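> Can you look at this prediction? I've put the sequence above it.
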Amino acid sequence: MIHTNLFQPTASHKIVASQGCFSLLEYEKDISVTPESAQTCYFASKMNIRKRQVIANLNGSKGKG
């Protein structure tokens, strides 16, 4: 079994919406920036563009959020 902390808010991400077994995770900070993409990511953050990820909880219980 794989356990993650995706449903626990951290300084880098938070759950912004949940419905049924699906949750929308939004990254506050992009911590995967490379030196080649740093400028693009900097201006994207200034325009409030953030990475988002949909999580499907497949064990039958509803996501926390």
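Nice, thanks for sending it over.
> So Ile55 belongs to a helix, correct?
No - per DSSP: H, G, I helix; E, B strand; the rest coil, Ile55 lies outside any helix segment and is strand.
> separation between the residue of the chain positioned farthest from its centre and Asn59?
Using CA atoms, centre = their mean, the residue of the chain lying farthest from its centre is Glu36. It sits 22.1 Å away. Distance from Glu36 to Asn59, counting by CB to CB, to the nearest Å: 38 Å. Backbone N, C-alpha and C define where each C-beta goes, glycine included.
> Is Gln39 located within a helix, as I assumed?
Yes - in this structure, Gln39 lies within a helix as judged by three-state DSSP.
> and it, how many residues sit next to it?
Neighbourhood size, Gln39 [other CB atoms under 10 Å]: 10.
> cool, and Gln8?
10.
> per-residue confidence for it?
Reported pLDDT at Gln8 in the predicted model: 70.
> That one and Thr34, how far apart?
For Gln8, the distance to Thr34 - CB to CB - is 26 Å.
> Surely Asn48 forms part of a helix?
No - applying three-state DSSP, one finds Asn48 to be coil, outside a helix.
> Would you quantify the distance from it to Gln8?
Distance from Asn48 to Gln8, by CB to CB: 23 Å.
> which residue ranges form the helices in this protein?
Assigned helices in the chain, in chain order: 38-46 (criterion: DSSP state H).
> Show me where it has its strands.
Applying DSSP state E to the chain gives strands spanning 13-19, 22-27, 52-56.
> And the ones you listed: which comes nearest Tyr42?
strand 22-27 (14.7 Å; CB to CB).
> tally of neighbours for Ser23?
Around Ser23 there are 21 residues (other CB under 10 Å).
> Distance to Ala44 added to the strands of the chain, as a markdown table?
Shown next, in a markdown table, are those (distance: least, CB to CB, whole Å):
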| stretch | distance to Ala44 |
| --- | --- |
| strand 13-19 | 16 |
| strand 22-27 | 11 |
| strand 52-56 | 13 |
